[in-house]
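Participant: Model the following, please.
(chains A, B, C and D)
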There are 2 protein chains.
Amino acid sequence: MDAGLGGLPPAASPGDACRTRVVLDIVGDKWSLLVVRNLRHGPRRFTELKRAVEGISQRMLTVTLRSLERNGIVTRTVHDVMPPHVSYELTEMGVTLREATAPLLEWSLAHLARIDDARAAYDARTASSPVSSPVS
Amino acid sequence: MDAGLGGLPPAASPGDACRTRVVLDIVGDKWSLLVVRNLRHGPRRFTELKRAVEGISQRMLTVTLRSLERNGIVTRTVHDVMPPHVSYELTEMGVTLREATAPLLEWSLAHLARIDDARAAYDARTASSPVSSPVS
DNA sequence: CTGTATCCAGGGGGATACTG
DNA sequence: CAGTATCCCCCTGGATACAG
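Facilitator: Purely as a prediction, here's the structure:
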């Protein structure tokens, strides 16, 4: 990790920052992680996901699933019956991604309250600098 | 984990998805993770960060740092000397966030090639559906 | 050096209507 | 059911200029 060169200057290798981009391009959007998370218990159908990921629009669910499929995170299986039936499932790689993001979710759950505190404290502090009205 | 209620229906608790949002609101943007990462070895000054996080503009660095500060991820320390000197440092919570995101970065490094493969394969597959010209 | 203010382009993403 | 197509708003984020 980090090639731990303690004595060296700050920069680290530029390529590393570049690679971090790859993750963000996949999961750094508004919905991908939520979809991945909702696939953790096995295959789900389009409408099931639409209901599970509250607030997502049909369009964004399609876009997100296409992106995840293109990146090899989920598979799309069409059962050609009537009515149409399409199921999505995490690939092997998708499962590992889901596992890699788990600590982040746990972190979120563990620090929610503290984050709220920090926000309140910050807002209270900056309220004394009335750049504009603190209302609204 | 997931409160492992194996036999229950898919939905999980809606609140969980809601909480996932909190993480994404903090790190799901274009720069936050890169800034956090560049603070892993201790305090950094504004200009140091600007150089380290290649491609970031002054504005976005300021915006990102303010957000991280508000969320209790970094501290901002002003040394009132001439010339001005401001240093940023991960809070205790910031350090744990950085640790929580480490698996994600490792995942990225480990799966980069595989992701490229998946993309190439997908693009090859969809090339047979010529909605528009595959060129450019 | 460390910002803030302003302008502006691009795209993310919502609402709606239509299709196989 | 599972999308696609279209319209359009607004926010992100870059460039530039200015300030303490």
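Participant: Residue A:120: neighbouring residues, count only.
Facilitator: As a burial measure, residue A:120 scores 11 neighbours (other C-beta atoms under 10 Å in any protein chain shown). The C-beta positions use only the backbone N, C-alpha and C, and glycine is treated the same way.
Participant: And it, how close does it get to residue A:127?
Facilitator: Going from residue A:120 to residue A:127 by C-beta to C-beta, to the nearest Å gives 11 Å.
Participant: What residues of the longest helix along chain A count as buried?
Facilitator: Taking DSSP state H as the criterion, chain A has its longest helix at helix A:92-126. By neighbour count with 16 or more other C-beta atoms under 10 Å in any protein chain shown, helix A:92-126 contains the buried residues A:93-94, A:96-98, A:100-105, A:107-108, A:111, A:115, A:118, A:122.
Participant: try stretch A:24-33
Facilitator: If you call a residue buried by 16+ other C-beta under 10 Å, then stretch A:24-33 has these buried ones: A:24, A:26-29, A:31-33.
Participant: just checking: which of the residues you listed also lie near DNA strand C?
Facilitator: When these are checked against DNA strand C using C-beta under 7 Å from any atom of the strand, the ones in range are A:29, A:31.
Participant: Chain A: strands as residue ranges?
Facilitator: Using DSSP state E, the strands of chain A run over A:44-45, A:74-79, A:85-90.
Participant: Does anything pack onto the first one? Which helices or strands?
Facilitator: The helices and strands touching strand A:44-45, judged by 3 or more C-beta pairs under 8 Å, 6 or more residues apart in numbering or on different chains; DSSP states H and E, are strand A:85-90.
Participant: let's see 10 Å
Facilitator: Applying 3 or more C-beta pairs under 10 Å, 6 or more residues apart in numbering or on different chains; DSSP states H and E, we find strand A:44-45 packed against helix A:46-52, strand A:74-79, strand A:85-90.
Participant: do that strand and DNA strand C meet at all?
Facilitator: No. Interface with DNA strand C: strand A:44-45 contributes nothing (C-beta under 7 Å from any atom of the strand), its closest point being 12.6 Å away.
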